[in-house]
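Colleague: Fold the stuff below for me.
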Amino acid sequence: MHLRGVVLPDDEVRDLWVRDGVVSFEPVPGAETLCGAGWIVPGLVDAHCHVGIRYGGGDEDRAGAIAQAETERDAGALLLRDAGSPIDTRFIDEHEELPKIIRAGRHIARPKRYIRELGIELDDERDLPEIVAEQARFGDGWVKIVGDWIDRSVGDLRPLWSDAILQKAIDAAHANGARVTAHVFGEDALPGLINAGIDCLEHGTGLTDDTIELMVEHGTALVPTLINIDTFPEIADSAGKFPTYAAHMRDLHRRVRDTVGNAHDAGVPIFAGTDAGGSIRHGRIADEISALAGAGLSKHEALGAASWHARTWLGRPGIEHGAPADFVVYQEDPRGNSAMLTDPQWVVLRGRVVKTPNPVTGHR
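Modeller: Below is the predicted model of the structure:
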């Protein structure tokens, strides 16, 4: 196929061809023109996406997981970093029409210190390095640990692990060729996680100037999942038995846009993730991009956090000669019209058109 349009991130009008599933910058004789104008964007990335967790909780079956992946694809998210799933989603790799998933195995937590039956629960924290190494070998280069959660004995967020065991666990992951990310809401767990060499933080609502400085020093990335943080007031409302925790969650929510803006201004790498699965419906990457723009990233940076920058961070190419043909086409510049982001005109995955416009409206 042949396409012509403004190719991001370079804002260059150019012609692209696709042959045998890859991008060509050289003409392909006889190629059929898919579109002659538009904005061509490297396939979107949801860097925190739980294919396999049923909306409302529980494990998805295969049909449900496939439906979740289809929803992400139709929204333009063609690369998903699975930040923990209770099921093995490798069967999705057999479906050429579904997004590529980078897996992090299962969440690793302590008993009664995370969502029940979602992750691996360790009675003894000394087992953490061994389990991290095991999940590193099982996953696709990532491991997910739970850094903090409510401790009902004190009625507020508290770290799950000692600093010393975190260092051993993260070293074990790195020795097995995997990076480590952690769920963390509050302030107290952050110094131990960052100083131990963690590669990424999920949510990071408790970041302060000091821990942001630590992130910059260590090169730690942040996936703030802002549309999930918007559920904090509802979580607080349901935590009547724990007023300190409820107040803490409301405060974290109140200042999260400033927190993310401060991290961005300091130079922390920030990437887009929705936390889809469980309480967040799939297919909302456009909402997360808009939320990042509202937290201080420029519209170009916010889109890059869900496209070309995220792909580089995850070791996947953008629109390059010889790269897999994974891209999204919009009728208008998606940076200037946020409504465009919610409804791509064309979606091309592995060189195949997997979403086409409605012939009447121009949209699917």
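
Colleague: Can you tell me which residue is spatially central in this structure?
Modeller: Residue closest to the average C-alpha location in the chain (C-alpha atoms, centre = their mean): A47, at 1.6 Å.

Colleague: and the closest residue to that one other than its chain neighbours, what helix or strand is that in?
Modeller: Nearest residue to A47, sequence neighbours excluded (C-beta to C-beta, 6 or more residues apart in numbering): G273, at 4.1 Å. Just so you know, the C-beta spots here come from the backbone N, C-alpha and C atoms, and that holds for glycine as well. Using DSSP states H and E, G273 falls within no helix or strand.

Colleague: Report how many residues lie close to G273.
Modeller: Using other C-beta atoms under 10 Å, G273 is surrounded by 30 other residues.

Colleague: wait, doesn't it sit right on L79?
Modeller: No. Applying C-beta atoms under 8 Å as the test, G273 and L79 come out as separate, 11.5 Å apart.

Colleague: got the contact list for D46?
Modeller: Contacts for D46 (C-beta atoms under 8 Å, 6 or more residues apart in numbering) come out as E72, A77, L79, L80, R81, A272, G273, T274, A276, I285, E288, A306.

Colleague: One more: W149?
Modeller: With C-beta under 8 Å, 6+ apart, W149 has these contacts: A109, R113, Y114, L157, R158, L160, H183, F185.

Colleague: Equivalent analysis for D258, please.
Modeller: Contacts of D258 (C-beta under 8 Å, 6+ apart): none.

Colleague: before we move on, what about V216?
Modeller: A266, G267, V268.

Colleague: if we take the residues you listed, which one ends up nearest to G58?
Modeller: Among the contacts of V216, V268 lies closest to G58 (C-beta to C-beta), at 34.0 Å.

Colleague: so how far is A173 from that closest one?
Modeller: 21 Å (C-beta to C-beta, to the nearest Å).

Colleague: rewinding a little: which pLDDT value goes with the residue nearest to A47?
Modeller: As predicted, G273 sits at a pLDDT of 98.

Colleague: quick one: G186 from A295, how far?
Modeller: Following C-beta to C-beta, the distance that separates G186 from A295 is 19 Å.

Colleague: By residue count, what's the longest strand in this structure?
Modeller: strand 12-19 (DSSP state E).

Colleague: Give me the mean pLDDT for that strand.
Modeller: pLDDT averaged over strand 12-19 gives 97.

Colleague: who does it pair up with?
Modeller: strand 2-7 (antiparallel), strand 22-24 (antiparallel) (DSSP bridges).
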